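*Asks:* Predicted model and sequence follow; I will ask about them next.
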There are 2 protein chains.
Amino acid sequence: MIDYEPFLSRAAQSWRGSAIRKMGALAARIPDVISFAAGYPDPDVFPWAALEEIARELLEGRDGAVLQYGPTRGLRSLLGALREILASRGIRAAEENLLVTTGSQQGLDLVSRVLLDPGDVVVVELPAYTGAIAAFRNAQATPVGVRQNDDGIDLDDLERVVAEQRAVGHRVRFIYVVPNFQNPTGRLMRLEGRRELLRWATERSVLIVEDDPYGELYFEGSAMAAETLPIKAHDEDGRVIYLSSFSKTLAPGLRVAWIAAPEPLVEKLEQAKQAADLMTGSLDQRIAFEALKRGVWAERLPALRAHYQHKRVVMEGALRAELGGVVSWPEPRGGFFLWVALPEKLSADRLLARALDQRVIYVVGSAFFVDESGSNMMRLSFSLPSVARIEAGVARLARVVREALAG
Amino acid sequence: MIDYEPFLSRAAQSWRGSAIRKMGALAARIPDVISFAAGYPDPDVFPWAALEEIARELLEGRDGAVLQYGPTRGLRSLLGALREILASRGIRAAEENLLVTTGSQQGLDLVSRVLLDPGDVVVVELPAYTGAIAAFRNAQATPVGVRQNDDGIDLDDLERVVAEQRAVGHRVRFIYVVPNFQNPTGRLMRLEGRRELLRWATERSVLIVEDDPYGELYFEGSAMAAETLPIKAHDEDGRVIYLSSFSKTLAPGLRVAWIAAPEPLVEKLEQAKQAADLMTGSLDQRIAFEALKRGVWAERLPALRAHYQHKRVVMEGALRAELGGVVSWPEPRGGFFLWVALPEKLSADRLLARALDQRVIYVVGSAFFVDESGSNMMRLSFSLPSVARIEAGVARLARVVREALAG
């Protein structure tokens, strides 16, 4: 057998298998494991009947374009519908500002390829979404962490980090943020914090990559739509690259997401996509467009908010009942995640093997920290499991934590 | 407005808008233009009724996995079905050797990211598929051309090119070939030429990237299935990375393709895909799998072969009638393309504006040559236009050529 090491690119040589994914594969083989790991939406609230009707009509219609190659930029009618969604979020975008992507993960990848050279620095939050970190690292850039506070980003820390990086000659091309119900913390960045970050980025000549998969999933009575207004809504000089997706609000299996950005960048992003996968699936784009046009998407949002809010309430109740006073978390006002702090002396990494024995899994907090901190943190997703399994899973988890505390 | 140039990666700075795509966009705005440019399959032969039934049943079934996130490697059942297709092509592959990709374009992109560093050399045929050239260039590698002959690759030229590149310190990591009905030439590489290329690659320690989108589309009476046997079928030491796709034989809008490669490389390709788009669309993969399982795919292949063969015959007949003795082409024994040589003194590039005036378009041959030769060549796709439009388009094209020859 050939030794492939000498054939690998420097980037590929540096990749190591993700511990999370290996664990996920292992867990998949254990019967009846309850997973709080995957941040998956709940298929129970997918609009099955509507999607079935849409797919049937599209394929009955025999319009060749439904299954044919299409423009790299995205289906024209879908771009129009995206403009309306963006307008409802306070963002004015022309078609020239839009690119449909094969999930937001591709958006992050394309942004990395257009903006990052090996050795460049990207500022990310401590903690930050692992998929974004992976995309930046695949471009051989270095994600550098900055602390969060209640408003959002700790601007003093940001100022210090960027000055340090620039002092040693590193280029800092953008900061990556998830202002709405961040993965993994669930935190909603305050509006004033958003405006301050935009002011800072303008002063320091840094672009902002704003990722917004969860913004529509605010919880009634807990957060208001106005509080989710994207940074991009205030972007007057084209400093913000905005990403959003239908994965959490329609269905992730369709792989339809989009980028809104200044036209010169969209042109480059389109060129990158042309060589990356030519185009996003035509049938998927048509289904998404029809779901928008027929109101299926917008009409379901209130039910989705209530559904996930209920699951959050159930998980919080179970955690309080089982581990009250032992673990803590900031109450998420939307999204899919509880960000749980164990007692300082416990390590979520070390607990994972025991959790697996008890047939419950989570994502270790350290996976989200580029500075390898956060060992006592864990991310629990309440979005996918049923209410009964949330309760059973928390009971299993509580057994693990109590046993570890007992020694 | 911000000047984005200083924010762009070196790769992005080097990208220039594709002349072909700009022309395509222009042509799309001209009413009644007949396009021989796009290498699109014909939607008239998509299995609409079967796909409609499959999609309806999948969405009626309410199996969450149909619309949910899934494994990066690909849907498990689809991987099993791909193994059977590969076996029918003489290729033994375990699941560990397979990765589903979002179209073969993504396969080319992932291969580039895993195997290429900036400055590396990739050997490509003169001419070669433009999408592959774009993927290699996006990785900042340099595609270097090698001549074709009737057997396939001119091995003397290959030996010379690789020795030259190595002499100046360039790494040559792989050669990219499309042995079956190549895009753009339609050429079927002879079996002996395939074996010789594999022997050469083994001796010279170069990998082979074998791209096979058209292999199933051989024309009865003109080529036999046995003549399309992939190089990969003879690959005993894991030297060949094999790509294939359902875009030409099922529907390109589904974006389902795959790579078969040695396990250590598939692991790296999977890591690249994880950061590139997480996964290929679930619904698309399920539809493709059901089309395989129900025999829809395999049963339609004879009709597809006959359909495209008939269009080739029509286009050849029209060319002979309109431009006999003026232009020439090697008769393609399968696939989608006629590779047409104009009289030496004519330039397909310069003719394009006149062709647009006559409302007919093609792809200029020079787009496929990394050494910028081939200016008197044009690629005509017969796959998409109807028989009537093929005849009308060739008549328009003949007017353009005759006028140019007249002065």
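*Replies:* Arrived safely.

*Asks:* what lines up beside the one helix or strand A:Leu243 maps to in the sheet?
*Replies:* Assigned by DSSP states H and E, A:Leu243 belongs to strand A:240-245. Note on strand A:240-245: by DSSP bridges, its sheet partners are strand A:207-211 (parallel), strand A:257-260 (antiparallel).

*Asks:* how about the ones you listed in a markdown table, adding mean pLDDT and mean neighbour count?
*Replies:* In short, each C-beta sits where N, CA and C put it, glycine included. Output for the strands paired with strand A:240-245, formatted as a markdown table (pLDDT from 0 to 100; neighbours: other CB atoms under 10 Å in any protein chain shown):
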| stretch | mean pLDDT | mean neighbour count |
| --- | --- | --- |
| strand A:207-211 | 98 | 25 |
| strand A:257-260 | 98 | 26 |
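
*Asks:* Serialize the ones you listed to TSV and add fields for distance to B:Asn180.
*Replies:* Listed next are these as TSV, based on distance: least, CB to CB, whole Å:
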stretch	distance to B:Asn180
strand A:207-211	42
strand A:257-260	34
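
*Asks:* Mind giving me the packing neighbours of the helix or strand that contains A:Ile287?
*Replies:* Per DSSP H and E: A:Ile287 is located in helix A:282-293. When contacts are defined as 3 or more CB pairs under 8 Å, 6 or more residues apart in numbering or on different chains; DSSP states H and E, helix A:282-293 packs onto helix A:48-60, helix A:76-88, helix A:296-323, helix B:282-293.

*Asks:* Counting neighbours, which bits of the first one end up buried?
*Replies:* This points to helix A:48-60. When burial is assessed from 16 or more other CB atoms under 10 Å in any protein chain shown, helix A:48-60 yields the following buried residues: A:48, A:50-56, A:58-59.

*Asks:* number of nearby residues for A:Leu8?
*Replies:* Neighbour count for A:Leu8, taken as other CB atoms under 10 Å in any protein chain shown: 19.

*Asks:* right, and it touches B:Arg113 too?
*Replies:* No. Here A:Leu8 does not reach B:Arg113: they are 10.1 Å apart, not a contact under CB atoms under 8 Å.

*Asks:* report the angle between the axes of the helix or strand harbouring A:Gln274 and strand A:207-211?
*Replies:* Under the criterion of DSSP H and E, A:Gln274 resides in helix A:263-276. Orientation of helix A:263-276 against strand A:207-211 (axes from the mean of the first three to the mean of the last three CA atoms, to 10 degrees) gives an angle of 60 degrees.

*Asks:* quick one: is helix A:263-276 near chain B?
*Replies:* Yes. Applying CB under 8 Å from any CB of the partner chain, one finds helix A:263-276 touching chain B at A:264-265, A:267-268, A:271-272, A:274-276.

*Asks:* packing partners for that helix?
*Replies:* The elements that helix A:263-276 packs onto, with contact taken as 3+ CB pairs under 8 Å, 6+ apart, are strand A:98-101, helix A:103-115, helix B:10-14, helix B:103-115, helix B:130-138.

*Asks:* Skipping its backbone neighbours, what lies nearest the closest residue to chain B within the stretch 301-407 of chain A in space?
*Replies:* Here the residue of the stretch 301-407 of chain A nearest chain B is A:Leu384; by CB to the nearest CB that distance is 8.7 Å. Nearest residue to A:Leu384, sequence neighbours excluded (CB to CB, 6 or more residues apart in numbering or on different chains): A:Tyr40, at 4.4 Å.

*Asks:* Could you give the backbone dihedrals for A:His234?
*Replies:* Per-residue torsions, A:His234: phi -100, psi 0 (degrees, to the nearest 10).

*Asks:* Show the model's pLDDT score for it.
*Replies:* Looking at A:His234, its pLDDT stands at 97.

*Asks:* In contact with the nearest residue to it once chain neighbours are set aside, which residues are there?
*Replies:* In space, and not counting its chain neighbours, A:His234 is closest to A:Leu198: 5.7 Å by CB to CB, 6+ apart. If you count contacts by CB atoms under 8 Å, 6 or more residues apart in numbering or on different chains, A:Leu198 has them with A:208, A:231, A:234-235, A:239-240.

*Asks:* which parts of the stretch 251-400 of chain A sit against chain B?
*Replies:* By CB under 8 Å from any CB, the residues of the stretch 251-400 of chain A that approach chain B are A:251-255, A:262, A:264-265, A:267-268, A:271-272, A:274-284, A:287.

*Asks:* End to end on stretch A:62-81, go ahead and measure it.
*Replies:* End-to-end distance for stretch A:62-81: 23 Å, by CA to CA, to the nearest Å.

*Asks:* right, and the helices and strands packed on helix A:282-293 - which one's nearest B:Ala132?
*Replies:* helix B:282-293 (22.4 Å; CB to CB).

*Asks:* Helix, strand, or coil at A:Asp150?
*Replies:* Look at A:Asp150: counting by DSSP: H, G, I helix; E, B strand; the rest coil, its state is coil.

*Asks:* need the contact list for the nearest residue to it once chain neighbours are set aside.
*Replies:* Of all residues not flanking A:Asp150 in the chain, A:Arg190 sits nearest, at 7.2 Å (CB to CB, 6+ apart). A:Arg190 makes contact with A:150-152, A:227, according to CB under 8 Å, 6+ apart.

*Asks:* Tell me the helix or strand right after the helix or strand of chain A with the lowest mean pLDDT.
*Replies:* Using mean pLDDT, DSSP states H and E, helix A:19-28 stands out as the lowest-scoring helix or strand of chain A, at a mean of 70. Downstream of helix A:19-28, the next assigned helix or strand under DSSP H and E is strand A:34-35.

*Asks:* so where's chain A uncertain?
*Replies:* Applying pLDDT under 70 to chain A flags the ranges A:17-23.

*Asks:* Apply 90 and report the result again.
*Replies:* Judged by pLDDT under 90, chain A has its weakly predicted residues at A:1, A:14-31, A:150-151, A:220-222, A:372, A:407.

*Asks:* List just the one of the helices and strands packed on helix A:282-293 that sits closest to B:Ser14.
*Replies:* That would be helix A:76-88 among the helices and strands packed on helix A:282-293, by CB to CB, at 27.2 Å.

*Asks:* Name the residues that touch the closest one?
*Replies:* The contact list for helix A:76-88 (CB under 8 Å, 6+ apart) reads A:73-74, A:92-95, A:98, A:100, A:242, A:244, A:256, A:258, A:260, A:285-286, A:288-289, A:292-293.

*Asks:* if you set the cut-off to 10 Å instead, what comes out?
*Replies:* With contact meaning CB atoms under 10 Å, 6 or more residues apart in numbering or on different chains, helix A:76-88 is reached by A:70-71, A:73-75, A:91-100, A:216, A:225, A:230, A:232-233, A:242, A:244, A:246, A:256, A:258-260, A:280, A:284-286, A:288-293, A:297-298.

*Asks:* Might one say that A:Asn376 is in contact with A:Ser347?
*Replies:* Yes. Here A:Asn376 reaches A:Ser347: they are 6.4 Å apart, a contact under CB atoms under 10 Å.

*Asks:* between the two, who's got more neighbours?
*Replies:* Using other CB under 10 Å, the more surrounded residue of A:Asn376 and A:Ser347 is A:Asn376, with 20 against 17.

*Asks:* residues touching the more buried one, list them.
*Replies:* A:Asn376 sits next to A:327, A:340-349, A:351, A:364-366 when contact means CB under 10 Å, 6+ apart.

*Asks:* Please report phi then psi for the nearest residue to A:Ser328 once chain neighbours are set aside.
*Replies:* The shortest distance from A:Ser328 to any non-neighbouring residue, by CB to CB, 6+ apart, is to A:Ala341 (5.1 Å). With angles defined as degrees, to the nearest 10, A:Ala341 sits at phi -100, psi 120.
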